[in-house]
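Enquirer: Pasted the sequence and its predicted model underneath.
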Amino acid sequence: MTVALVLTACSAPESPPAPPVTKQPATKQQPATKRPQAATAAPGRVDLSAYDAGRSRPVADPLYPAYGDPSIDVLHYDLALAWKPGARTLSGTATLTLRAARPISRVRLDFGRALKVDAVKVNDVTIEATRKGDDLTVPLPEALEADEGAVVTVCYHGRPKPVDAGQRREDISMLGFHVGEGGRAWALQEPFGAFTWFPVNDHPSDEALYDVAITVPEGWSGVAHGTYEGKTSAGRTSTFRWRSTDPVASYLTVFAADRFRMYRDEGPRGIPVTYWIRPGDVPRQLPVARRMPSIMRWLERKLGPYPFPSAGLVATSDSGMETQQMIALGPLYMRPSVVAHELAHHWFGDTVTPRTWRDLWLNEGFAMYLEMQWYAEHEDGTIDDFIANIRRVDGRLRQEAGPPGRYRRDSFGISNVYYGPAIMLHEIRKRLGDRKFFAMLRAWVQEHRNTTQDRASFTKWIKEHTGRDFTELIDTWLDSPTTPR
């Protein structure tokens, strides 16, 4: 997620697992790959081996405990969605393959109350689920021991509504599914809100693989996270298919339905890139989008290989978000420096994800620092200028929203989690020197790909990697109510 930069210079289904998506030249259509499917290993039991890459260690969140359930680990979501812009209705079939993280007799999912449940099945057995608020509770026909699996299918429809997140930051006060003029729709959510459009274990510690199909009227496009696998048409509708072979946190998912035009490009090492932009916005937004490959190459020099098999940009109607393999930018955020920020998140946040929302700084501090570095090298000013500028506002931000490592729960995404940690990284850089510092950044993301991490693991790792103990410096910058000197 981006924030205004306060700088003096600017701001179904087959049984065998499918192989990884093959990288194709940008001018060629990627063929659809066969989907893996959880197989029944014995009566009432599910073989989960096809989805090993989606295994996580879910935990409860200290800030937003109402979202997510640490007793389950969803390995794979298969979402078949249909959007009718005229009626403003979404219908869907969500098939969740999950593992019991501990013995359970029921599955609790986050699911928006605005959507009506039509049917629920567990391993093809029809179940009577119960609802309370935004919780969907599915009793299991047979209790599961730890590491045993089940396939839960939910059919639903309705008019999705965003959720009031109770946050001070205006652009994330309402999260999840939004509908705009003409029935265009988009869904962005951080720290939660995916539950407004599909049943989900809505917490970053539970990452999963995804297959998403979005059916829209002819002339419309359906965009999601992951790699674009093409579209099929039938009658007056088209279905767009997306696949994530790397695990995705629910806040990094995206849904967008609009009259987009698609443009193809090629990133470093032949990585396919797609841009999804409304026709009227093409003259202004496409030139910015086409900066992505060069920005990706710049980030690769700093951080190592881009961590995913494809990349893209979808022009939504608000905010800026690092949704996985498909950054989402509203008109106010369509700038090269913001593209650099959101792409930096694909290393810091997407492939290495905070285990709980207490460690949002692991995302935003790093992305902010990379954005400032990009700006210094391509636009105007120096890193030292930028650090001096944000140091002047850091103290006020700590007073208003709390220290970056202990921010107030109503202050998610306030600039304190961007600026203070960015200054902290600069302090570490001054102590290590450029060569060791950027080698450290590169090693952190490359050694921890597709994992969730926290402050303790980062502090321990940086000591082991550099041979220097930065614990006091890190704790001071993250916990101090005033700006450290």
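Expert: Nice, thanks for sending it over.

Enquirer: List the contacts of the residue nearest to Gln325 when sequence neighbours are not counted.
Expert: In this structure, Gln325 finds its nearest non-sequential neighbour in Phe308, 4.8 Å apart by C-beta to C-beta, 6 or more residues apart in numbering. Where you see a C-beta, it was placed from the backbone N, CA and C, and this is true even at glycine. Residues in contact with Phe308 (C-beta atoms under 8 Å, 6 or more residues apart in numbering) are 227, 246, 271, 324-325, 346, 350-351.

Enquirer: what does Asp394 give?
Expert: If you count contacts by C-beta under 8 Å, 6+ apart, Asp394 has them with 416, 419-420, 423, 483.

Enquirer: Any of those residues buried? List them.
Expert: The neighbour-count criterion (16 or more other C-beta atoms under 10 Å) marks 416, 419-420, 423, 483 among these as buried.

Enquirer: ok so Lys302 is a helix residue?
Expert: Yes - counting by DSSP: H, G, I helix; E, B strand; the rest coil, Lys302 is found in a helix.

Enquirer: mind checking how far the nearest residue to it once chain neighbours are set aside is from Asn363?
Expert: With sequence-adjacent residues excluded and distances taken as C-beta to C-beta, 6+ apart, Lys302 is closest to Phe438, at 5.9 Å. From Phe438 across to Asn363, the span is 19 Å (C-beta to C-beta, to the nearest Å).

Enquirer: and what of Leu303?
Expert: In terms of C-beta to C-beta, Leu303 sits 14 Å off from Asn363.

Enquirer: Next, Asp394: secondary structure please.
Expert: Three-state call for Asp394 (three-state DSSP): helix.

Enquirer: what's the pLDDT at it?
Expert: What the model reports for Asp394 is a pLDDT of 97.

Enquirer: and the residue lying closest to it once chain neighbours are set aside, what is it in contact with?
Expert: Closest residue to Asp394 apart from its sequence neighbours, by C-beta to C-beta, 6+ apart: Thr483 at 4.5 Å. Listed by C-beta under 8 Å, 6+ apart, the contact partners of Thr483 are 391, 394-395, 398, 420, 423.

Enquirer: Doesn't Thr483 belong to a helix?
Expert: No - under three-state DSSP, Thr483 sits outside any helix and is assigned coil.

Enquirer: This structure: helices as residue ranges?
Expert: With helices called from DSSP state H, the chain shows them at 282-289, 292-303, 336-345, 361-378, 383-401, 416-432, 434-447, 455-466, 471-479.

Enquirer: got the ones you listed as JSON lines, with distance to Leu313 columns?
Expert: JSON lines is the format used below for the helices of the chain (distance: least, C-beta to C-beta, whole Å):
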{"stretch": "helix 282-289", "distance to Leu313": "5"}
{"stretch": "helix 292-303", "distance to Leu313": "6"}
{"stretch": "helix 336-345", "distance to Leu313": "7"}
{"stretch": "helix 361-378", "distance to Leu313": "16"}
{"stretch": "helix 383-401", "distance to Leu313": "25"}
{"stretch": "helix 416-432", "distance to Leu313": "21"}
{"stretch": "helix 434-447", "distance to Leu313": "21"}
{"stretch": "helix 455-466", "distance to Leu313": "29"}
{"stretch": "helix 471-479", "distance to Leu313": "32"}
